[in-house]
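Asks: Sharing a model that was predicted from the sequence below.
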Amino acid sequence: MMTGVNSVSSNDLSPSMEAVDLEPSSSATIFHTDQKKHGDLREMLDSSKDSLKLDAMKRIISMLAKGRDVSDLFPAVVKNVASKNIEVKKLVYVYLTRYAEEQQDLALLSISTFQRALKDPNQLIRASALRVLSSIRVSVIVPIMLLAIKESAVDMSPFVRKTAAHAIPKLYSLEPEMKEELIAVLEKLLADRTTLVIGSAVMAFQEVCPDMNELIHKNFRKLVSLLVDVEEWGQIVIVNMLTRYARTQFTDPNLGQTESADAAEDEGEFYENSDDDDDEEDTTEEAAKPLYKMDPDHRLLLRSTKPLLQSRNASVVMATAQLYWHLAPKPEVQLVAKSLVRLLRGHNEVQAIVLNSIASMTIKSQGGAKMFQPYLRQFFVRGTDPSHIKILKLEILTNLANGSNISILLREFQSYITGADPASVAATIQAIGRCAATISEVTDTCLAGLVHLLSNRDPTVVSESVLEIKKLLQTQEAEHKDIIIQMAKLLDTVEEPGAKAAIVWVVGEYCERIPLHAPDVLRKMAKAFCTQEIPVKLQIVNLAVKMYLTNPAQTKLISQYVFNLAKFDQNYDLRDRARFIRAILFPQGEPGKISKHAKKIFLAPKPPPTIESKFANRDEYQLGSLSHFINARAAGYQDLPGFPEDAPDPSVRTVEVPKPADNPWKKKDNQEKKSDKSRPGPSGQTRAKFYDSDEPGHRSAAAARTDSDSSSDSESDSSSSSSDEESSDSEPEPVKIVAAARTKPRQAAPPTKSKAKAPTKQTKPDTESDS
């Protein structure tokens, strides 16, 4: 079989197979990885033809994109870094960017070539050279890298400046002592008005000096105004940076009463009955709130980021939503609800992040739940949803439950219980229990439904129902004897340790309500004590204590038997607990002071448990962050700054517009005009000048003749001046003045005619010269 493979011609091989050097010696040479590997590519790279080099580099980049290791070709590739072919040079730089960090010694040999490439006319070559240079992680070339970054930061090409911004974090991680020089470069890049550059500049700012807000002050309004035109990746970076910046520069908009709300209330009071006592109390409470006036820059930020909610990129929408959640007044946060619901049509990974954030927003306050009420049906579970998506949707539905929609949700939950996913079924039963605890109108209905589920064939449903019933019984004042008896009968069938321990706890806690059944439960559990799990054994010991204190006549011997078994158990926690309680209940000598208060200790009333969402304690993390998603502090997470009590000076964000530089030619013209005005003509008017180069000393003959004859012809021209002005409105002003100066009419035009006839013989040469 292997000989057949070796006989295949080279023309029949695919590009991926051409890279493998086949030898007819043995079958093992197909997977040979010594120097013979990629031999044909080396020959093509050493060729003098650019077409062969280009073909070889295309195949190498193709293998690189597929994840194959082509690092052994580094010496052959680096020799072509000075190739005159631009296409070859681009691909060589792509390869060097990938392997420059691994092959630093060989890359250092081409430093001079990279420095020359920084002066290349092609912007792609300059950017690629800087990218390769910043990928060489050697401290020796730090000065060269810094010089290259400084030169590229003022390059004419925005693409090269963007690459310079990307190189700044690399240099900072290699040499943190260069921070001051890099900040100076960053200041120039942040002042750039090109949308291609500012996203990368803000990214570098976040990596090098995220706390230096003074670099953002004068660029804040520019960043906000250009935010819509920046690329999607840059929008995410800028929005996250502006969120942290705004939390340090603006006050909390939800502490006081906004001006718009105050004006609306004043307008409503005009039409409402002011004699109502309730309205007077409300207005008194609202008047107690301080009046909040939003900073114009704060309003500008919210207004400029609002269009990003319509972005096709889910990350941009999520970043904008968290900005509104942390910065906007509560009435304006409702704008993000529709955009977040739109993202639920995406992939499961996107849905998980969005649903996690919505679950946290709906538990935050009543306002967060109200904004998603119109989209309740969008969170209904689908059969194709994975398990974690179903659990998140059930969490949100439970948070949105109220008296008006609980009937719809209970019917929906009833259909979910019959599902095949055990995790989602358990989450559904927990959701029913939470609805019963939070909505008093349906508590009895939910409790009856959970009791009905105790007869279900699925052990998972029964176990979760027992746990939820246990929680609900603690919140109810009624005795519910029938429910407790029904739960006690399930001890023989329930196998899940948590559910069985919950039943034993319920029997022990309410043993006085069922005096006939509780001793029998203790007898059965004592008989099977050794075969039970540790949680069940602990609850059996508690049951024995409570039964001995409430009914010692029937249960004293059984209780002593249980303590003797627990005294020698292998689990040290159970063993120590049993010995401690046994010493209190069954003292060997005279009973001590603790034994006299045993009932107060072991039968003390317990507060009802608080049934709340698991998302209730996630407010400490920034919405949408990794720490918020996993509910734990991730590496590199920075806490979101708090709002200041007093806003800093807003004038730091005011930038003075620089005045344009003075034009030296304009100064010269002004001086010439002043000199002309200082020498008026015979009629008292200044002489008009057609050309900029005309000077008072170089006066034309026609102008001199006009000046000499102007006094004699002033009376004759006065009658025709109005008609001449009407006929020459379309002509430029200087031409009209010069034409009037060069032409000398013989006679005044009759006053009845609208237009005067121009002289034909004397003015013809002048009009030709004017044209």
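Replies: Yep, it's here. Numbers count the residues shown, from 1 in each chain.

Asks: check which helix or strand covers Tyr315.
Replies: Tyr isn't right for residue 315; it's Ser. If you go by DSSP states H and E, Ser315 is part of helix 314-327.

Asks: Ok, Pro143 next?
Replies: Assigned by DSSP H and E, Pro143 falls in helix 142-153.

Asks: Show me what that helix is packed against.
Replies: helix 111-117, helix 123-135, helix 158-174, helix 179-190 (3 or more Cβ pairs under 8 Å, 6 or more residues apart in numbering; DSSP states H and E). Yep, even glycine has a C-beta here, placed from its N, CA and C like the rest.

Asks: Quick one: neighbours of Val202, just the number.
Replies: 26 (other Cβ atoms under 10 Å).

Asks: Any chance you could list what contacts the helix or strand it falls within?
Replies: Using DSSP H and E, Val202 sits within helix 195-208. With Cβ atoms under 8 Å, 6 or more residues apart in numbering as the contact definition, helix 195-208 has outside contacts at 158-159, 161-162, 165-166, 168-169, 172, 179, 182-183, 186, 189-190, 192, 212, 215-216, 222-223, 226, 229-231, 233-235, 237-238, 240-241.

Asks: these two touch, right, Ser360 and Asn617?
Replies: No: here Ser360 lies out of contact with Asn617, judged by Cβ atoms under 8 Å, at a distance of 9.9 Å.

Asks: What separation is there between Leu91 and Lys53?
Replies: Counting by Cβ to Cβ, to the nearest Å, the separation of Leu91 from Lys53 is 9 Å.

Asks: nope, Pro253 is what I meant
Replies: For Pro253, the distance to Lys53 - Cβ to Cβ - is 62 Å.

Asks: Over to Arg161?
Replies: 30 Å.

Asks: so His388 touches Ala352, yeah?
Replies: Yes: between His388 and Ala352 there is a contact at 6.2 Å, judged by Cβ under 8 Å.

Asks: so what's Thr384 up against?
Replies: So Thr384 contacts nothing (Cβ under 8 Å, 6+ apart).

Asks: Name the SS class of it, please.
Replies: What DSSP: H, G, I helix; E, B strand; the rest coil gives for Thr384 is coil.

Asks: Would you state the strands of the protein in chain order?
Replies: 257-258, 291-292 (DSSP state E).

Asks: Quickly, which of those strands bottoms out on average pLDDT?
Replies: Note on these: lowest mean pLDDT is at strand 257-258, with a mean of 54.

Asks: Nearest to Val506 among the helices and strands packed on helix 142-153 would be which one?
Replies: helix 158-174 (59.2 Å; Cβ to Cβ).

Asks: how far off helix 195-208 does the closest one point, in degrees?
Replies: Using axes from the mean of the first three to the mean of the last three Cα atoms, to 10 degrees, the direction of helix 158-174 lies 10 degrees away from that of helix 195-208.

Asks: And helix 158-174, what's buried?
Replies: 158, 160-172, 174 (16 or more other Cβ atoms under 10 Å).

Asks: What is the end-to-end distance of stretch 637-653?
Replies: Terminal residues of stretch 637-653 lie 28 Å apart, using Cα to Cα, to the nearest Å.

Asks: List the buried residues for that stretch?
Replies: With the criterion 16+ other Cβ under 10 Å, stretch 637-653 contains buried residues 643, 653.

Asks: tell me the mean pLDDT over that stretch?
Replies: Here the average pLDDT along stretch 637-653 is 88.

Asks: cool, and stretch 325-339?
Replies: Stretch 325-339 comes out at a mean pLDDT of 91.

Asks: Please list the residues outside stretch 530-544 that contact it.
Replies: Against stretch 530-544 from outside (Cβ under 8 Å, 6+ apart): 497-498, 500-501, 504-505, 507-508, 511, 518, 521-522, 525-526, 529, 555, 558-559, 562-563, 565-566, 569, 571, 573-574, 577-578, 581.

Asks: Ok, stretch 465-474 next?
Replies: Contacts of stretch 465-474 (Cβ under 8 Å, 6+ apart): 429-430, 432-433, 436-437, 443, 446-447, 450-451, 453-454, 456, 480, 483-484, 487, 490, 494, 498-499, 502-503, 505-506, 510, 606, 608-609, 611.

Asks: quick one: low-confidence parts of the stretch 1-150 of the chain?
Replies: Filtered on pLDDT under 70, the stretch 1-150 of the chain yields the residue ranges 1-37.

Asks: If you could redo that for the stretch 651-771 of the chain, that was the one I meant.
Replies: 656-771.

Asks: Show me where the stretch 401-550 of the chain has its helices.
Replies: Using DSSP state H, counting those that start in this stretch, the helices of the stretch 401-550 of the chain run over residues 406-416, 422-438, 443-453, 459-475, 481-488, 497-509, 518-527, 534-550.

Asks: whoops, the stretch 1-150 of the chain was the one
Replies: 2-6, 15-18, 39-46, 50-65, 74-78, 86-99, 104-108, 111-117, 123-135, 142-153.

Asks: Point out the most buried one among those.
Replies: Of all these, helix 123-135 has the most neighbours on average by mean count of other Cβ atoms under 10 Å, namely a mean of 22.

Asks: name the helices or strands packed onto that helix?
Replies: So helix 123-135, by 3+ Cβ pairs under 8 Å, 6+ apart, packs with helix 86-99, helix 111-117, helix 142-153, helix 158-174.

Asks: what residues does stretch 159-169 touch?
Replies: 123-124, 126-127, 130-131, 133-134, 145, 148-149, 152-155, 182, 185-186, 189, 192, 194, 196-197, 200-201, 203-204, 207-208.

Asks: Looking at that stretch now, give me its mean pLDDT.
Replies: On average, stretch 159-169 scores 95.

Asks: contacting residues for the residue most central in space within the chain?
Replies: In the chain, the centroid-proximal residue (Cα atoms, centre = their mean) is Ala319; its distance is 2.8 Å. Residues in contact with Ala319 (Cβ under 8 Å, 6+ apart) are 235-236, 239-240, 243, 308, 624.

Asks: Rebuild those residues as TSV, extending it with neighbour count, pLDDT and distance to Ala598.
Replies: Shown next, in TSV, are the contacts of Ala319 (neighbours: other Cβ atoms under 10 Å; pLDDT from 0 to 100; distance: Cβ to Cβ, whole Å):
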residue	neighbour count	pLDDT	distance to Ala598
Gln235	23	95	67
Ile236	21	95	63
Val239	24	95	62
Asn240	19	94	59
Thr243	23	94	58
Leu308	22	95	66
Gly624	20	89	53
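
Asks: From the residues you listed, pick the one nearest Ala420.
Replies: Distances from Ala420 to these, taken by Cβ to Cβ, are shortest for Gly624, at 32.0 Å.

Asks: Isn't the closest one up against Val316?
Replies: No: Gly624 sits out of contact with Val316 when judged by Cβ under 8 Å, with a separation of 11.6 Å.

Asks: I appreciate the help and will end here.
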